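J.: need the 3D shape of this:
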Amino acid sequence: MRPWLQLAEIAVSAPVVVGYRTTRLVLGGWPPPARERRELVRMVTEKADAFGRAAVAAVTTPPRDAAAAVGAVVAPVHRSVVANRRRLARS
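T.: Next comes the predicted model:
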């Protein structure tokens, strides 16, 4: 059950994170200030890391239990998205 709830939370949190980041970039002007450039670098690095971990989990998790397999793949992305939503909501 947990992996499916994580997928639902990703579906709700991801657009919020995109909204926060887009708003900050638009309001920051061009060229982006140092804070926003750091956020852009962090965004790309976190995405690559989370999806890399998910890919490793997808390849290495035995497909015996579908929920466990989905959970192993979804967990890294879920952690990243939820952490970003919380962090960006504070700033």
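J.: give me phi/psi at Ala50?
T.: Here is the backbone geometry of Ala50 (degrees, to the nearest 10): phi -60, psi -50.
J.: OK, contacts around it?
T.: 76-77, 79-81 (Cβ atoms under 8 Å, 6 or more residues apart in numbering). For glycine as for every other residue, the C-beta is placed from the backbone atoms N, C-alpha and C.
J.: now those: which count as buried?
T.: In these, burial by neighbour count holds for 76-77, 80-81, counting by 16 or more other Cβ atoms under 10 Å.
J.: restricted to helices, list those.
T.: 76-77, 80-81 (DSSP state H).
J.: for the helix or strand where Trp4 lies, the averaged confidence score.
T.: Using DSSP states H and E, Trp4 maps to helix 2-28. Predicted confidence along helix 2-28 averages 89 (mean pLDDT).
J.: what is that helix packed up against?
T.: Under the contact criterion of 3 or more Cβ pairs under 8 Å, 6 or more residues apart in numbering; DSSP states H and E, helix 2-28 touches helix 34-60, helix 66-90.
J.: what residues of that helix count as buried?
T.: Under 16+ other Cβ under 10 Å, the buried positions of helix 2-28 are 3, 6, 10, 13-14, 17, 20-21, 24-25.
J.: and which of these is nearest Gly71?
T.: Closest approach to Gly71 among those (Cβ to Cβ): Pro3, at 3.8 Å.
J.: what's the distance between that closest one and Ala57?
T.: According to Cβ to Cβ, to the nearest Å, Pro3 stands 11 Å off from Ala57.
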